[in-house]
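S.K.: Quick one, structure for this:
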Amino acid sequence: MDLRFTEEQQLLADSAAKFFEDAYDLPRRRERVASEQGYSEELWSSMAELGWLALRLPEKFGGFGMGAVESALIMEAAGKSLAVEPLFNTGIIGATAITLGADDPLGEELGPQLAAGECRVALAYAEPKSRYALNIVDTTASKNGDSYVLSGAKAVVTHAPSAHKLIVSARTSGDRSEASGVTLFLVDAASDGISMREYPTIDGLRAAEVALDGVRPEAVLGDVDNGVELLRAILDEAHVALSAEAVGAMGYLLDSTVEYAKTRKQFDRPIGTFQVIQHRLVDMYNAVETARGMTYYAAAGLATDDITARTKIALQAKVKASQGSKLVGEDSVQIHGGMGMTDELDIGHYFKRITMIAQTYGDVDYQLKQLARLTRLS
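M.R.: Numbering: from 1, shown residues only. Coordinates of the predicted model:
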């Protein structure tokens, strides 16, 4: 597999890096996090104008039909600047769900809205007792005429407070833990029967606990009773995109820590001249580059038609990025000393974000178990 970027991909990477470099620093991030919306509407509109929200949408739905590599390049740049706009939820989760699960009329209606930034999406699949399992679903979808009525609760729905649409998993048949019998629904976030308890997360984003009481969805995504397979395909894309974001954040932590080690002195010498610090910096570099290589290998591999292979490489990328995040985050904080976790220094903010990424849609232990299960089955 040739992992070299094409000229077009490199131009995309360079333009994304320049965009976020010009748009972000810690003071401006603080302002956006503290704002009513939780991010910059101006930057959000600019991302839509640049076509980033349309990258993964097929042309028939108003997109560019590009691959996961292009999305990963954008997400790496976003991670390096610690961006808080809902680029991941809408441009990756929403675009993938529409591409894989929407019929042509629905896709032709929603695709252009998503691409223009007019429709923001949040994924509501996790439940208070489900941990990370996709098949443990207590939310019910009762048949009512030609439609359904949803009732239940969803937990830690990132960017739900600003979302226009929710992608909700609900059980249409079977017991609560069966793999079959789960269906994905597209729900208007302003529907009657939806209530949200909003809160900030430790990494500066917004989330909500979502309660559904007799909610009528707008559409079914994919096939009825086969939502777990669709959700798994969506999360394959999500794992790779989050890995790319983590790589960007880890790269920033590495660069900042190297620069600090060159200037911070102990015993009249820069601490970067101490062998123990040099060893740690080398370990950090190796972790970043290993995670980056695995992420782009997985991004390229998502084009395969082998469903099991897709999921395995996506999980492998997420595991490697999560393991690397732990090493890079902890070492960067320790080398900076006590101030590494203060609010005044950006190191702590990056550490919080990569820690959250490592827990999103499954921590390392959970994903290693999923990899072992898939390996046994293959």
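S.K.: Paired strands for the helix or strand containing Y148, with orientation please.
M.R.: For Y148, the host element (DSSP states H and E) is strand 147-158. Within its sheet, and counting by DSSP bridges, strand 147-158 is paired with strand 140-144 (antiparallel), strand 206-215 (antiparallel).
S.K.: so for that strand, what's the average pLDDT?
M.R.: In this model, strand 147-158 has a mean pLDDT of 96.
S.K.: how far does the next helix or strand after that strand sit from the chain's center?
M.R.: Later in the chain than strand 147-158, the nearest helix or strand by DSSP H and E is strand 165-171. The chain centroid and the centroid of strand 165-171 are separated by 17 Å under Cα atoms, centre = their mean, to the nearest Å.
S.K.: Give me the next element, helix or strand, following strand 165-171.
M.R.: Elements were assigned by DSSP H and E; along the chain past strand 165-171, the next helix or strand is strand 182-188.
S.K.: From the contact counts, what lies against the helix or strand just after that next one?
M.R.: Sequence order places strand 194-200 as the next helix or strand after strand 182-188, per DSSP H and E. For strand 194-200, the elements it packs on are strand 206-215, judged by 3 or more Cβ pairs under 8 Å, 6 or more residues apart in numbering; DSSP states H and E. From N, CA and C alone the C-beta is placed, and that goes for glycine too.
S.K.: Check which residues of the strand it packs on are buried.
M.R.: Neighbour counts over strand 206-215 (16 or more other Cβ atoms under 10 Å) mark 206-212, 215 as buried.
S.K.: got it, and stretch 351-361?
M.R.: For stretch 351-361, burial by neighbour count (16+ other Cβ under 10 Å) applies to 351-358, 360-361.
S.K.: which parts of the strand holding Y148 are buried?
M.R.: Residues of strand 147-158 classed as buried: 148-154, 156-158 (neighbour count, 16+ other Cβ under 10 Å).
S.K.: and that strand, how far from the chain's centre?
M.R.: With Cα atoms, centre = their mean, you get 20 Å for strand 147-158.
S.K.: C-alpha coordinates for it, CSV please?
M.R.: Presented in CSV, the C-alpha positions along strand 147-158 are these (Å, rounded to 0.1, in the frame of the first residue of the first chain):
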residue,chain,number,x,y,z
SER,A,147,-43.8,5.1,11.8
TYR,A,148,-42.2,4.5,15.2
VAL,A,149,-42.3,6.1,18.6
LEU,A,150,-39.0,6.3,20.6
SER,A,151,-38.7,6.3,24.4
GLY,A,152,-35.5,6.0,26.4
ALA,A,153,-32.4,7.8,27.5
LYS,A,154,-29.0,8.4,25.8
ALA,A,155,-25.8,9.4,27.6
VAL,A,156,-22.9,11.7,26.9
VAL,A,157,-24.1,12.9,23.5
THR,A,158,-21.3,15.2,22.4
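S.K.: orientation of that strand relative to strand 165-171 in degrees?
M.R.: 110 degrees (axes from the mean of the first three to the mean of the last three Cα atoms, to 10 degrees).
S.K.: Tell me what angle strand 147-158 forms with strand 194-200.
M.R.: Taking the same axes, to 10 degrees, one finds strand 147-158 and strand 194-200 inclined to each other by 10 degrees.
S.K.: what is the rounded mean pLDDT of the strand or helix carrying T308?
M.R.: Secondary structure assignment for T308, by DSSP H and E: helix 307-336. Helix 307-336 shows an average pLDDT of 96 in the prediction.
S.K.: for that helix, packing partners?
M.R.: The contact analysis (3+ Cβ pairs under 8 Å, 6+ apart) places helix 307-336 against helix 227-263, helix 275-301, helix 346-359, helix 364-377.
S.K.: how far out from the middle of the chain is the second one?
M.R.: Translated: helix 275-301. Here helix 275-301 is found 20 Å from its chain centre; the criterion is Cα atoms, centre = their mean.
S.K.: Dump the buried residues of stretch 351-361 into CSV; add pLDDT and distance to T290 as well.
M.R.: Listed next are those as CSV, based on pLDDT from 0 to 100; distance: Cβ to Cβ, whole Å:
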residue, pLDDT, distance to T290
F351, 96, 19
K352, 96, 22
R353, 98, 20
I354, 98, 15
T355, 97, 19
M356, 97, 21
I357, 98, 16
A358, 97, 15
T360, 96, 20
Y361, 96, 21
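S.K.: any idea which of these is closest to T342?
M.R.: T342 has its nearest neighbour among the buried residues of stretch 351-361 in F351, at 11.3 Å by Cβ to Cβ.
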